[in-house]
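Novice: with the sequence up front, the predicted model follows.
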2 protein chains.
Amino acid sequence: MSDLEVRQLRYFVAVAEELHFGRAAARLDMAQPPLSRAIRALERQLDTALFERTTRQVALTPAGEVLLRDARTALEAVTAAAHRAHQAGRTEPRLRIALKADLDGGLLPRILDAYATDPAALPPELVLGGYGEQPRALRDGRADVALLQLPCDDRGLDSEPLLTEPTLVALAATDPLAARSALHPDDLAGRELPDGAPADGLRPARPGGPRPTAARRASNLSEILSLVETGSIVFFAPASLARRHPRPGIAYRPVRGLPDSTLAVAWPQDARSPAVAAFVRAACTTATSTSTATSTAAVPAHRGGDRTGPH
Amino acid sequence: MSDLEVRQLRYFVAVAEELHFGRAAARLDMAQPPLSRAIRALERQLDTALFERTTRQVALTPAGEVLLRDARTALEAVTAAAHRAHQAGRTEPRLRIALKADLDGGLLPRILDAYATDPAALPPELVLGGYGEQPRALRDGRADVALLQLPCDDRGLDSEPLLTEPTLVALAATDPLAARSALHPDDLAGRELPDGAPADGLRPARPGGPRPTAARRASNLSEILSLVETGSIVFFAPASLARRHPRPGIAYRPVRGLPDSTLAVAWPQDARSPAVAAFVRAACTTATSTSTATSTAAVPAHRGGDRTGPH
DNA sequence: GATCACTCATACCGCCAGGGTACCAATGCC
DNA sequence: GGCATTGGTACCCTGGCGGTATGAGTGATC
C-alpha cells in the first residue's frame, strides 16, 4: 500500500461530496472517465470499496465515510504547509488574524492596542471570513490566530474563551414577537435565517421541507440587518453586536434557553510563533480587564485551558 | 500557488533531514539531479527559498524550518487517511492498541479484561513500537489508541493519565552507585543509555563528545537488562517495570530530582470510534480502581482532561 | 596557488502515468 | 420497448518526472 497522493484525495473528496462522478469531474475540471479510473485505482490501492455504485446511484461505504473525514483533514494539512511556508518566506512577516466581521464583540481595537505594545508583535493583517470559516483558516494555514465563536469544529486548535454574553435575536420592530420582552426558540420555528449558516443545532426546524425564501443572499452585516428590518429573516447575534448596531427598525430580544454566545481566541495547537502568543496574551488580558466581560470567569476553559498559551 | 503534492513534501523532508541532496536522493532511491530540480520547483511554487545552499553546505532557511514541521504533520495526515480507510475496510474490524512492550505498568491485562466486557468493544490487536513511536502510530493511523509515557509529542492527540510512579534507574548490582539508596541525576553523568532513545531532556550529558560504546543495540527489554547486568549501560524505568522484572544482578535505585514517569492512555483528538471510547473508559477505571495507582489523583489532566473521552 | 574531491546545477533524453475521446453497458423512466 | 442518464472500458497521446552525462563553484591539501 504505497503512499497516497494529494490528487487522489482531492478526487475522492470531490466524488464523495457530489456523490456523482460526472458532477465531480466537472468540479475538478476534467473528464469523467479518468476520474472513475482514479477512484477505482484508489480503491485497489487501499484494498477497500469506498463507494457503492450502480449506474444510477453513488453512495459512500463506511470506509468511504472514514476516508472522507481523514482526507479532508489531510488536504487541510497539506495546504497549511504550503500557506505557512509561503507566509514564512515573506520579507515582512505578519500576524494574520481570522475573524468574522462585526463578531469581535468590539474587543478587536483594544486587543490590537494591547498587542502592539508587545515586543514580540508583528504587524497584524486581518483575514475576514464567513460563518465558521475561521477554524478552517487556522487549519489550512491562511491565518495564524482567530477570534471566533465557540463551540466550533476545534480539531487541531487550542482556544481560550474571552467573553460570554447572551444570544439575542434580531427581529423587525414591526414583528408581533417584538412586542414580547423575551422569546423562546420555538417561537421562531419556521423563520428564515441569513444564508451564511448559523447552522447551530439550535436552528428552529424549518417546517414543511426546504422553502428557500428569495433574496436571503446577504454577505455583510448591513445587508443582513436590512433584511431583518424588512421582516424577511431573523438573525441571532451576541449582545455586544446588538449594542454596537442599534437600528430603529430592529428589535433585539433575548431568547430563553438558547446557549450563550462565547467569543474566543483560537490558534493552531502546534503554533510556535511568539507573535501568536503575544496576541493571545493581549486578547486574554483585554477581555478580563474589560467592563463588558460580565461572566468570563464562569466559563470553563475549552481545551488548552491548562496552558498559558502557545509555546 | 497550486496545490502541493505528497511527493514534493517527501522530497523536501528527505533533503531537510539529510541536509545533503546526494544522501537524500539515495534515501529516496532516486538520482540527485531530479531531486534538485524538484526542490527548486517547490521553491518557485511557494515563492520562497527553503534552503541556503552553496556547493559545500545545505542549510534550512526559516521558511524551510516552518515547512519541515508542517510537511511532517501533513505527511502523517495523508498516511493516516490511507491507514484508517484501509482499516475501516477490513471485514473484521479491530481496535489497534499501540504500546511499548513492558511499559504498560502491568495494567494491560486488566484493562483488556475490563474493555472486553464493553458491548462496544472490538477485538484488540497490539501494535508494538519503540520509544516514542506511539504518538506517531496514532497520528499516522497505524493505531487507534495507545498506552504511552507522558510527556510526549501530543500534537493532535488527547490523553488521560493513568498511573504516575517514580522513575528508577537500573544499575548493575556490582556498580559502586548501587551501594547508595538514592541517586542524583549528576551521579549518572556520562553513563551510556540504551540505544532506543530515552532522550528525555534529563539524559545526563555525555562528556567529551559522542563516545558510542559497542553493543548498545538492544531492541527488547531482556537484552537491555542483560547489558545493564554487565554494567555496559544504565536504564531509566518506572517503578512498576522494576517490580515486574527483578533480577539478582540488577539494582533499581530511585533518582532524586528526576520527574515521575506517567503512563497515559492517548487517542487521536478526532477519534470517533466507540471502541476507542470503550478502551479509554476501561483504562481509566482500571487505573483508578487499582491498588498500585498510588497518586493518580495528584496529576492534572494533560489536555483533554475536561472531556470524558472521545466522542 | 594549482589540483583535486565533493556537491549542487544544467542539458538532454526517454518512459509512462494520467487525461482526453469514443464507445459500451446497465438502469430507471415514460 | 425506446430513450436518457450515468458509470465503465478501450485506446491514444501528451507532458511531467526520473535517469545519464556533464558543468561549475568551493573548500582542502600539499
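Specialist: In hand now; what should we look at?
Novice: can you pull the pLDDT of the residue nearest in space to the middle of chain A?
Specialist: Per C-alpha atoms, centre = their mean, the C-alpha nearest to the average position across chain A is that of A:Gly132, at 1.2 Å. We have a pLDDT of 80 for A:Gly132.
Novice: please apply the same query to A:Gly309.
Specialist: pLDDT for A:Gly309: 51.
Novice: before we move on, what about A:Pro198?
Specialist: The per-residue pLDDT reported for A:Pro198 equals 51.
Novice: kindly report the same for A:Cys284.
Specialist: The per-residue pLDDT reported for A:Cys284 equals 92.
Novice: how about A:Ser295?
Specialist: Looking at A:Ser295, its pLDDT is 43.
Novice: anything in the helix or strand that contains A:Arg69 near DNA strand D?
Specialist: Assigned by DSSP states H and E, A:Arg69 belongs to helix A:62-88. No. Helix A:62-88 lies out of reach of DNA strand D by C-beta under 7 Å from any atom of the strand, never closer than 12.9 Å. Just so you know, the C-beta spots here come from the backbone N, C-alpha and C atoms, and that holds for glycine as well.
Novice: could you name the helices and strands sitting against whichever helix or strand comes after that helix?
Specialist: Downstream of helix A:62-88, the first helix or strand assigned by DSSP H and E is strand A:95-99. When contacts are defined as 3 or more C-beta pairs under 8 Å, 6 or more residues apart in numbering or on different chains; DSSP states H and E, strand A:95-99 sits against strand A:124-128, helix A:133-139, strand A:145-150, helix A:274-288.
Novice: right, and the ones you listed - which one's nearest DNA strand C?
Specialist: helix A:133-139 (24.9 Å; C-beta to the nearest atom of the strand).
Novice: could you redo the helices and strands packed on strand A:95-99 as TSV and give each row distance to DNA strand D?
Specialist: Converted to TSV, the helices and strands packed on strand A:95-99 look like this (distance: least, C-beta to the nearest atom of the strand, whole Å):
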stretch	distance to DNA strand D
strand A:124-128	30
helix A:133-139	25
strand A:145-150	33
helix A:274-288	32
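Novice: a markdown table please, covering those and showing distance to A:Ala182 and mean neighbour count.
Specialist: Output for the helices and strands packed on strand A:95-99, formatted as a markdown table (distance: least, C-beta to C-beta, whole Å; neighbours: other C-beta atoms under 10 Å in any protein chain shown):
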| stretch | distance to A:Ala182 | mean neighbour count |
| --- | --- | --- |
| strand A:124-128 | 32 | 16 |
| helix A:133-139 | 30 | 23 |
| strand A:145-150 | 22 | 24 |
| helix A:274-288 | 27 | 21 |
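Novice: mind putting these in JSON lines, distance to A:Arg253 included?
Specialist: Formatted as JSON lines, the helices and strands packed on strand A:95-99 follow (distance: least, C-beta to C-beta, whole Å):
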{"stretch": "strand A:124-128", "distance to A:Arg253": "28"}
{"stretch": "helix A:133-139", "distance to A:Arg253": "27"}
{"stretch": "strand A:145-150", "distance to A:Arg253": "19"}
{"stretch": "helix A:274-288", "distance to A:Arg253": "26"}
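Novice: nearest to chain B, out of these?
Specialist: helix A:133-139 (10.4 Å; C-beta to the nearest C-beta).
Novice: and that closest one with chain B, contact?
Specialist: No. Using C-beta under 8 Å from any C-beta of the partner chain, helix A:133-139 stays clear of chain B, coming no nearer than 10.4 Å.
Novice: now for that helix, which elements pack on it?
Specialist: Using 3+ C-beta pairs under 8 Å, 6+ apart, the elements in contact with helix A:133-139 are helix A:62-88, strand A:95-99, strand A:145-150, strand A:157-165, strand A:261-268.
Novice: please redo it, this time with the cut-off set to 7 Å
Specialist: If contacts are counted by 3 or more C-beta pairs under 7 Å, 6 or more residues apart in numbering or on different chains; DSSP states H and E, helix A:133-139 sits against strand A:95-99, strand A:145-150, strand A:261-268.
Novice: given the last one, what are its sheet partners and their directions?
Specialist: Strand A:261-268 has these partner strands in its sheet, going by DSSP bridges: strand A:145-150 (antiparallel), strand A:157-165 (antiparallel).
Novice: and the angle from the longest one to helix A:274-288?
Specialist: This points to strand A:157-165. Per axes from the mean of the first three to the mean of the last three C-alpha atoms, to 10 degrees, the angle that strand A:157-165 makes with helix A:274-288 is 20 degrees.
Novice: now strand A:157-165: average pLDDT?
Specialist: The average pLDDT within strand A:157-165 is 90.
Novice: ok, now the shortest one?
Specialist: Average pLDDT, strand A:145-150: 91.
Novice: and that strand, how far out from the chain middle?
Specialist: Put simply, strand A:145-150 sits 8 Å off its chain's centre (C-alpha atoms, centre = their mean, to the nearest Å).
Novice: now swap in stretch A:252-272 and tell me
Specialist: 11 Å.
Novice: what's the local residue count around the nearest residue to A:Val58 once chain neighbours are set aside?
Specialist: Using C-beta to C-beta, 6 or more residues apart in numbering or on different chains and skipping the chain neighbours, the partner closest in space to A:Val58 is A:Leu19 (4.7 Å). Other residues within reach of A:Leu19, judged by other C-beta atoms under 10 Å in any protein chain shown, total 14.
Novice: what's around the closest residue to chain B within the stretch 101-250 of chain A, how many residues?
Specialist: Using C-beta to the nearest C-beta, the closest approach of the stretch 101-250 of chain A to chain B is made by A:Arg155 at 4.8 Å. By other C-beta under 10 Å, 15 other residues sit near A:Arg155.
Novice: from B:Arg84, how far out is the residue lying closest to it once chain neighbours are set aside?
Specialist: Among residues not flanking A:Arg155 along the chain, B:Asp270 sits closest, at 4.8 Å (C-beta to C-beta, 6+ apart). Distance of B:Asp270 to B:Arg84, computed by C-beta to C-beta, to the nearest Å: 10 Å.
Novice: between those two, tell me which one has more neighbours.
Specialist: Neighbours around B:Asp270 and B:Arg84, counted as other C-beta under 10 Å, are more numerous at B:Arg84. The numbers are 24 against 16.
Novice: the closest residue to that one other than its chain neighbours and A:Glu92, how far apart?
Specialist: Nearest residue to B:Arg84, sequence neighbours excluded (C-beta to C-beta, 6+ apart): B:Gly141, at 4.3 Å. For B:Gly141, the distance to A:Glu92 (C-beta to C-beta) stands at 39 Å.
Novice: looking at those two, which one has more neighbours?
Specialist: B:Gly141 (24 against 6).
Novice: can you pull the contacts of the more buried one?
Specialist: Residues in contact with B:Gly141, defined by C-beta atoms under 7 Å, 6 or more residues apart in numbering or on different chains, are B:Thr79, B:Ala80, B:His83, B:Arg84.
Novice: give me the neighbour count for the third one.
Specialist: Using other C-beta under 10 Å, B:His83 has 20 neighbouring residues.
Novice: check the secondary structure at the nearest residue to it once chain neighbours are set aside for me.
Specialist: Distances taken as C-beta to C-beta, 6+ apart put B:Gly141 closest to B:His83, at 3.2 Å, once the chain neighbours are dropped. Classification of B:Gly141 using DSSP: H, G, I helix; E, B strand; the rest coil returns coil.
Novice: pLDDT score for B:Gly141?
Specialist: For B:Gly141, the pLDDT comes out at 95.
Novice: also A:Gly129?
Specialist: For A:Gly129, the pLDDT comes out at 83.
Novice: returning to what we had before: out of the contacts of B:Gly141, which is nearest to A:Ala120?
Specialist: Within the contacts of B:Gly141, proximity to A:Ala120 (C-beta to C-beta) peaks at B:Ala80, which comes in at 33.1 Å.
Novice: fine by me, we can end here.
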